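>>> Model the following, please.
(one chain, ligands or ions: 2)
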Amino acid sequence: MKITEARVIVTCPGRNLITLKIVTDSGIYGIGDATLNGRELAVVAYLEEHVLPALIGRDAHRIEDIWQYLYRGAYWRRGPVTMTAIAAVDVALWDIKAKAAQMPLYQLLGGKSRERVMVYGHATGKDIEGCLDEVARHVELGYKAVRVQCGIPGIATTYGVAKRSGERYEPADSDLPAEHVWDTAKYLNHVPKLFAAVRERFGDDLHILHDVHHRLTPIEAGRLGKSVEPFNLFWLEDCTPAENQEAFRLIRQHTTTPLAVGEVFNSIHDCRELIQEQLIDYIRATLVHAGGITHVRRIADFAALYQVRTGFHGATDLSPVCMGAALHFDTWVPNFGIQEHMPHDERIDEVFPHAYRFDDGHFTPGKTPGHGVDINEELAAKYPYKRASLPVNRLEDGTLWHW
Ligand SMILES: O=C(O)C(=O)C[C@H](O)[C@H](O)CO
Ligand SMILES: [Mg+2]
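Ligands and ions are numbered 1, 2, ... in the order given. This next block holds a predicted model:
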């Protein structure tokens with residue numbers, strides 16, 4: 001089955017999303033997500049200039065060989081742009097293979113390991129009370145697991161907190177990066193009170209998660225993890241930047257709070273020590289940014305040896321195409337932990353008709369052959385690209401910090 005055409009579709013139905021469509025001589029086509037938030041057009045250029053011309057005429061069934069060709073063949077290995085471009089090709093090819101086999105994608109991976117996929121939603125509030133109301137709304141919707149983020153007194157803007165209550169949180173919200181201010185001491189003093197309030201109002205059964213978004217030093221992360229142990233978090237995410245994997249040894253010495261890391265990773269080498277030394281409990285590297293199903297499957301299998309489970313990134317900058325493929329992966333992967341879920345804007349759901357469904361805090365991927373997500377190209381064309389940047393963070397004295 002030869003690849004006859006490959007093209008990139010750029011659309012902005014509320015936010016920029018990049019999709020790769022690969023068409024074969026059998027008439028079967030597949031799609032893959034190629035969205036790298038805030039750096040979208042870099043991946044478009046990489047695909048259009050360097051990858052797509054080399055795909056024409058290749059056998060679409062040779063997924064592994066094409067993956068190796070794009071990875072080794074680039075010479076410049078790894079990196080978010082390269083690995084997102086490779087991921088888009090890989091997921092589109094798995095979609096094609098599963099459609100050709102007339103099977104839902106999870107069947108090709110090895111079949112179902114579970115009936116449904118537990119997801120966590122996002123509760124955000126300007127203060128603790130506002131956040132608790134949002135947790136209550138999620139519990140009513142059926143969520144069994146909720147990520148909680150609230151505003152910090154004395155800090156004007158806080159990661160994960162929507163501008164107005166009830167609104168979706170969208171960080172890439174301005175043409176050029178917005179400037180935010182960060183204060184670690186204020187954060188560390190306040191955030192344990194949020195978890196205490198959630199436990200007090202919702203009891204012990206609800207899974208609660210929290211994202212620190214890379215802002216602490218290792219010893220501060222150790223202090224936070226230790227101080228929130230009584231509230232039994234499902235996980236504490238990205239408590240310190242993870243380029244230096246050794247940093248997690250220090251954190252682990254101080255706390256048994258489970259740790260999740262990896263949404264910014266793009267290769268197994270980014271998390272090798274973290275996994276091998278059991279310094280984390282959940283790996284968040286997901287299909288779109290870490291080389292697609294072919295590479296993330298390697299990460300997940302490696303993680304399984306050390307009882308590290310998956311907890312895929314699933315913010316709104318990962319398109320429904322990524323979500324659909326991830327849900328098939330989650331349905332199969334033996335060491336599944338949880339899947340992040342942020343509902344997309346209705347316009348996005350219209351542009352990307354999909355087979356996956358939410359019920360009672362869980363998703364099912366559907367039984368449509370392939371990954372079950374399509375793109376309405378006519379509708380997509382109505383939403384032109386609009387530059388949007390992620391914010392930067394500064395300390396109160398002006399020092400640039402981690403966002
Ligand atoms: O969903 C999360 O855990 C995030 O940290 C979301 C990221 O800020 C977002 O995907 C950046 O593009
Ligand atoms: Mg995160």
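
>>> what about residue 141, neighbour count?
Residue 141: 13 surrounding residues under other C-beta atoms under 10 Å. C-beta: built from backbone N, CA, C; applies to glycine.

>>> My read is that it contacts residue 122, right?
No: using C-beta atoms under 8 Å, residue 141 is not in contact with residue 122; the gap is 11.8 Å.

>>> what's the distance between the residue lying closest to residue 224 once chain neighbours are set aside and residue 399?
Closest residue to residue 224 apart from its sequence neighbours, by C-beta to C-beta, 6 or more residues apart in numbering: residue 188 at 6.1 Å. Separation of residue 188 from residue 399 (C-beta to C-beta, to the nearest Å): 18 Å.

>>> Which one's more surrounded, the two?
residue 188 (18 against 9).

>>> tell me which element the more buried one is part of?
Element membership for residue 188 (DSSP states H and E) is helix 184-202.

>>> buried ones in that helix?
187, 188, 190, 191, 194, 195, 197, 198, 199, 202 (16 or more other C-beta atoms under 10 Å).

>>> Pick out the residue of this structure closest to ligand 2.
residue 211 (4.3 Å; C-beta to the ion).

>>> Tell me, how many residues neighbour that residue?
22.

>>> pretty sure it contacts residue 159?
Yes: using C-beta under 8 Å, residue 211 makes contact with residue 159 at a distance of 7.2 Å.

>>> what touches both of these two?
Here residue 211 and residue 159 share the contacting residues residue 149, scored by C-beta atoms under 8 Å, 6 or more residues apart in numbering.

>>> For the stretch 301-403 of the chain, which residues are neighbours of ligand 1?
313, 315, 317, 340, 390 (C-beta under 6 Å from any ligand atom).

>>> can you pull the contacts of the third one?
Read that as residue 317. 15, 35, 37, 172 are the contacts of residue 317 under C-beta under 8 Å, 6+ apart.

>>> show me where the stretch 301-403 of the chain has helices.
320-332, 346-351, 377-380 (DSSP state H, counting those that start in this stretch).

>>> one step back: quick check: nearest residue in space to the residue of the chain closest to ligand 2, chain neighbours excluded?
residue 237 (4.2 Å).

>>> Ramachandran angles for the one you found?
Note on residue 237: backbone dihedrals following degrees, to the nearest 10 are phi -100, psi 140.

>>> hang on, residue 120 in a strand?
Yes: per DSSP: H, G, I helix; E, B strand; the rest coil, residue 120 lies within a strand segment.

>>> In the beta-sheet assignment, what are the partners of it?
In this entry, residue 120 is beta-bridged to residue 145, residue 340, by DSSP bridges.

>>> Count the residues that sit near residue 231.
Residues lying near residue 231 (other C-beta under 10 Å) number 18.

>>> show me what contacts the spatially closest residue to it that is not a sequence neighbour?
With C-beta to C-beta, 6+ apart as the measure, residue 195 is the residue that lies nearest to residue 231, at 3.9 Å, once sequence neighbours are left out. By C-beta under 8 Å, 6+ apart, the contact set of residue 195 is 148, 208, 210, 228, 231, 233.

>>> Can you give me the distance of residue 287 to residue 47?
16 Å.

>>> Could you check which of those two has the larger neighbour count?
residue 287 (32 against 25).

>>> Return the residues in contact with the more buried one.
Residue 287 touches 33, 87, 90, 91, 293, 296, 312, 322, 325, 326, 329, counting by C-beta under 8 Å, 6+ apart.

>>> so which pair among the residues of the stretch 301-403 of the chain next to ligand 1 is furthest apart in space?
340 and 390 (17.3 Å; C-beta to C-beta).

>>> of all of the stretch 301-403 of the chain, which residue lies closest to ligand 1?
Using C-beta to the nearest ligand atom, the single residue of the stretch 301-403 of the chain nearest to ligand 1 is residue 315, 3.5 Å away.

>>> er, the stretch 151-300 of the chain I mean
Closest point on the stretch 151-300 of the chain to ligand 1, by C-beta to the nearest ligand atom, is residue 211, at 4.7 Å.

>>> Tell me who's in contact with that residue.
147, 149, 159, 160, 237, 238.

>>> so which of the residues you listed comes closest to residue 371?
residue 147 (24.8 Å).

>>> Just the pLDDT at the closest residue to the closest one other than its chain neighbours, thanks.
The shortest distance from residue 147 to any non-neighbouring residue, by C-beta to C-beta, 6+ apart, is to residue 209 (4.3 Å). Model confidence at residue 209, expressed as pLDDT, equals 98.

>>> Regarding residue 135, which helix or strand does it belong to?
helix 128-141.

>>> I'd like the distance from that helix to the chain centre, please.
The gap between where helix 128-141 is centred and where its chain is centred comes out at 22 Å by C-alpha atoms, centre = their mean, to the nearest Å.

>>> in the protein, what spans have low per-residue confidence?
165-166 (pLDDT under 70).

>>> Show me the domain layout of it.
Following the TED database, the chain resolves into domains at 2-104, 108-367.

>>> who wins for proximity to residue 394 among those?
domain 108-367 (5.9 Å).

>>> could you list every residue that touches the residue nearest to residue 368 when sequence neighbours are not counted?
Using C-beta to C-beta, 6+ apart and skipping the chain neighbours, the partner closest in space to residue 368 is residue 355 (4.1 Å). For residue 355, the contact set (C-beta under 8 Å, 6+ apart) comprises 324, 365, 366, 367, 368, 372, 373.
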